[in-house]
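Novice: The following block contains a protein sequence and its predicted model.
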Amino acid sequence: MGWCDDPRSKNYNKLVKLPSNYKSEKLFKKDNTYDIILVLNYNFNPIVKGKGSAIFIHVARKGYKNTMGCIAISKRDLKNLIKKISNRTTVNIS
């Protein structure tokens with residue numbers, strides 16, 4: 001599976017099957033950072049091509065190295081967060 005981040009595609013900012021004819025981020029990482037992914041509701045309603053895609057909350061790399069625009073926290077903290085959120089939870093990024 002992947003996440004399409006190619007604005008030329010009709011599947012821009014959506015989950016897609018790989019391989020794809022368009023640029024997509026593979027949702028499998030050997031470093032296990034995508035073991036758990038929460039997809040934030042960014043640029044979905046409506047999807048505006050070129051506005052950006054795929055803001056996830058996912059497992060942090062060792063040493064909390066930078067992400068490519070996502071939010072990364074420890075796997076333990078992510079599991080605890082999942083227990084506390086619902087469809088109505090709002091994530092504010094500032």
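Specialist: Structure received. Residues are numbered from 1 along each chain as shown.

Novice: just so I have it, where are all the helices in the chain?
Specialist: For the chain, the helices defined by DSSP state H cover 75-84.

Novice: tell me the contacts of the spatially most central residue of the chain?
Specialist: With distances taken as CA atoms, centre = their mean, the residue of the chain nearest its centroid is residue 56 (2.8 Å). Residues in contact with residue 56, defined by CB atoms under 8 Å, 6 or more residues apart in numbering, are 34, 37, 38, 39, 40, 70, 71. Glycine gets a C-beta too; all of them are placed from N, C-alpha and C.

Novice: what's the spacing between the second one and residue 10?
Specialist: Summarising the geometry, the distance separating residue 37 from residue 10, computed by CB to CB, to the nearest Å, is 22 Å.

Novice: The first one too?
Specialist: Here the distance between residue 34 and residue 10 works out to 24 Å (CB to CB).

Novice: neighbour-wise, which of those two wins?
Specialist: The neighbour comparison of residue 34 against residue 10 (other CB atoms under 10 Å) goes to residue 34, with 18 against 9.
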